[in-house]
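# sequence first, predicted coordinates after that:
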Amino acid sequence: MRRLCLPLLFLSSSSFFLVCRPVPTAGESPLFLPAPQNLTIESRNFVNVLRWSPVKGINRTVSYRVEQRVESDKEWEEVKCTNIAKPECNFDHGKEFYRNLLRVRAEQGGLKSNWSKVVPFKAKSNTILGPPEEINVTSEANTLTLSFRSPLEHTRYDSKLQYKIYYWDEPLSQNTSIWTKNRATKFKDLKEVTQYCFQVQAVFINNTGEISGPHCNKTLVTERTRNIYIAVIFGVLASTILATFWFVHVIRKYKSTIKYFWQPHLKIPSHYEEDLQNAQVATEYTFQNCAGEEHWDTVSVISNTSQNQTSRDSFPSGTQVDVSNLDEHR
C-alpha cells in the first residue's frame, strides 16, 4: 500500500498543506467501510425499531451510530444508539405529528462509512396499533360488563386513544357499535339468557388499530323474572294439589251417579222381560224343563210371596218334591 499526498490550498493564508491518505494498491481492499444497507423501520404501538443489514469490517467488530431530525430542520440529533454492535436501534423521537428522518453509519476505529438514510417516518400514521389486551366479559343478570387493557398502556399516548366496540347477540349476524374512552363499559337491559359477543378496536386520531377477536358471555335472568318463575311454579303445584282433592271429593260424593254413567246400559230382551213379570209362570216353566232332563230327590223353591206355602208336586219319575221350609234355603 502506498500513501497519496494531496495539496490543499487555504485562501486565507495563501499557504499550501499536504494531506496524505492511504491508497490501496492492486489486489488490496479499500480502507473504508461500506454504508449500511436495507434500512427498515418497524413500529407497533409506538415502539419504533430501525433495522439494517450488518456491515463487514476489517478484522474487528463494527459499531454503528444513528441520528435523526425533523424533516423541516437541518440539525441532526443523536439517538440513544451510539457505538452499538447490534444492527438495530429502538428509538423514540417524541414528535409523532412530524415527518422524521433517520440515518445510520458504520464505524471502526478511525474508519467511518457514509450515512445511509431511511424514508421519512411519521409515527402518528405509520405505527401499527394492536388490539386491546386482556379482554374480559362478566355477566350480572341482564347486564354485561366489558373490560380490557389499552395497547398503549404506560405510554404518553394512552390518554389520546378512543375505542370502538362492536357487539351482537349470538343468533344474529348484524352487530352494533359504540365509541368510548373508557376501558370498562356496562351494557344494560340486554335480553335475558342470551349470549353476546364483543370485539374492540383502538383508534389514535386517524390511525385505526387492529380489531380484537370475539369474546362472548351469556346474560342471566333478572331477580324479577326469577320471582315470576317461582310464583308460576308454586301456583301450578298448588292448583294441582287442590284439583286432586276436589276430584277425590267429587268421586266420593257422587259415586253412585258416576258409576251409573260409566256402566253400560243393559236391556233385557222383551220376551224374557214378559216372563219375568210373572214369577209363578217362570218357576213352573223352569221345573217343567228340568224335569225331563234329570231326577231330583228334593227341590227347594225360594219365593218372594208374603206367606210361605207348602205343596207337594209329583214328577213323572214319581219322586216327591217338598217345597216347604222355604226360609231355610234363602
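Sure thing, it's come through.
# pull the number of nearby residues for residue 80.
Neighbours of residue 80 under the rule other Cβ atoms under 10 Å: 10. Every residue, glycine included, has its C-beta placed from N, CA and C.
# wait, it touches residue 91, no?
Yes: using Cβ atoms under 8 Å, residue 80 makes contact with residue 91 at a distance of 7.2 Å.
# can you list the domains in this protein?
Domain ranges of the chain: 31-126, 133-218, 223-262, 270-329, per automatic domain parsing.
# would you mind giving these as JSON lines with mean pLDDT added?
Converted to JSON lines, the domains of the chain look like this (pLDDT from 0 to 100):
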{"stretch": "domain 31-126", "mean pLDDT": "89"}
{"stretch": "domain 133-218", "mean pLDDT": "92"}
{"stretch": "domain 223-262", "mean pLDDT": "80"}
{"stretch": "domain 270-329", "mean pLDDT": "53"}
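# hang on, residue 250 in a helix?
Yes: assessed by DSSP: H, G, I helix; E, B strand; the rest coil, residue 250 belongs to a helix.
# tell me how far it lies from residue 240.
According to Cβ to Cβ, to the nearest Å, residue 250 stands 16 Å off from residue 240.
# who has more neighbours, the two?
Using other Cβ under 10 Å, the more surrounded residue of residue 250 and residue 240 is residue 250, with 12 against 9.
# next one: that one from residue 238, what distance?
Counting by Cβ to Cβ, the gap from residue 250 to residue 238 is 19 Å.
# cool, residue 60 as well?
Taken as Cβ to Cβ, the span from residue 60 to residue 238 is 96 Å.
# cool, and residue 41?
From residue 41 to residue 238 the distance is 76 Å (Cβ to Cβ).
# out of these two, which sits in the busier spot?
residue 41 (19 against 10).
# so that one makes contact with residue 47?
No: contact criterion Cβ under 8 Å: residue 41 and residue 47 do not qualify, at 11.1 Å.
# quick one, helices of the stretch 201-330 of the chain?
Taking DSSP state H, counting those that start in this stretch to define them, one finds helices in the stretch 201-330 of the chain at 223-253, 255-262, 270-277, 279-291.
# meant to ask about the stretch 1-150 of the chain
123-126.
# can you give me the strands in it?
2-10, 15-23, 40-44, 47-51, 63-70, 77-84, 88-91, 100-108, 111-112, 116-117, 133-140, 143-149 (DSSP state E, counting those that start in this stretch).
# mean confidence for the first one?
Averaging pLDDT along strand 2-10 yields 40.
# how about the contacts made by the nearest residue to residue 42 once chain neighbours are set aside?
The shortest distance from residue 42 to any non-neighbouring residue, by Cβ to Cβ, 6 or more residues apart in numbering, is to residue 49 (4.9 Å). By Cβ atoms under 8 Å, 6 or more residues apart in numbering, residue 49 lies in contact with 41-43, 88-91.
# for residue 49, list each beta-bridge partner.
For residue 49, the beta-bridge partners are residue 42, residue 90 (DSSP bridges).
# quick check, central residue of the chain?
Nearest residue to the geometric centre of the chain (Cα atoms, centre = their mean): residue 216, 3.5 Å.
# you'd agree that one is up against residue 170?
Yes: with contact defined as Cβ under 8 Å, residue 216 and residue 170 form a contacting pair (7.0 Å).
# any residues in contact with both of the two?
Joint contacts of residue 216 and residue 170 (Cβ under 8 Å, 6+ apart) are 195-197.
# report the beta-bridge partner residues of residue 78.
Per DSSP bridges, the residues bridged to residue 78 are residue 67.
# that one touches residue 69, doesn't it?
No: taking contacts as Cβ under 8 Å, residue 78 lies outside contact range of residue 69: 10.4 Å.
# so what touches stretch 227-236?
Contacts for stretch 227-236 (Cβ under 8 Å, 6+ apart): residue 221.
# check stretch 153-168 too.
Stretch 153-168 has contacts (Cβ under 8 Å, 6+ apart) with 45-46, 96, 132, 146, 150-152, 174-183, 185, 187, 196-205, 211.
# end to end on that stretch, go ahead and measure it.
With Cα to Cα, to the nearest Å as the measure, the first residue of stretch 153-168 is 27 Å from its last.
# which parts of it are buried?
Using 16 or more other Cβ atoms under 10 Å as the test for burial, stretch 153-168 gives 157, 161, 163-168.
# one more: stretch 98-112?
98-108.
# closest one of those to residue 125?
residue 99 (9.7 Å; Cβ to Cβ).
# in the buried residues of stretch 98-112, find the pair that's most separated.
The farthest-apart pair in the buried residues of stretch 98-112, when distances are taken by Cβ to Cβ, is 98 and 108, at 33.0 Å.
# nice, that's everything, thank you.
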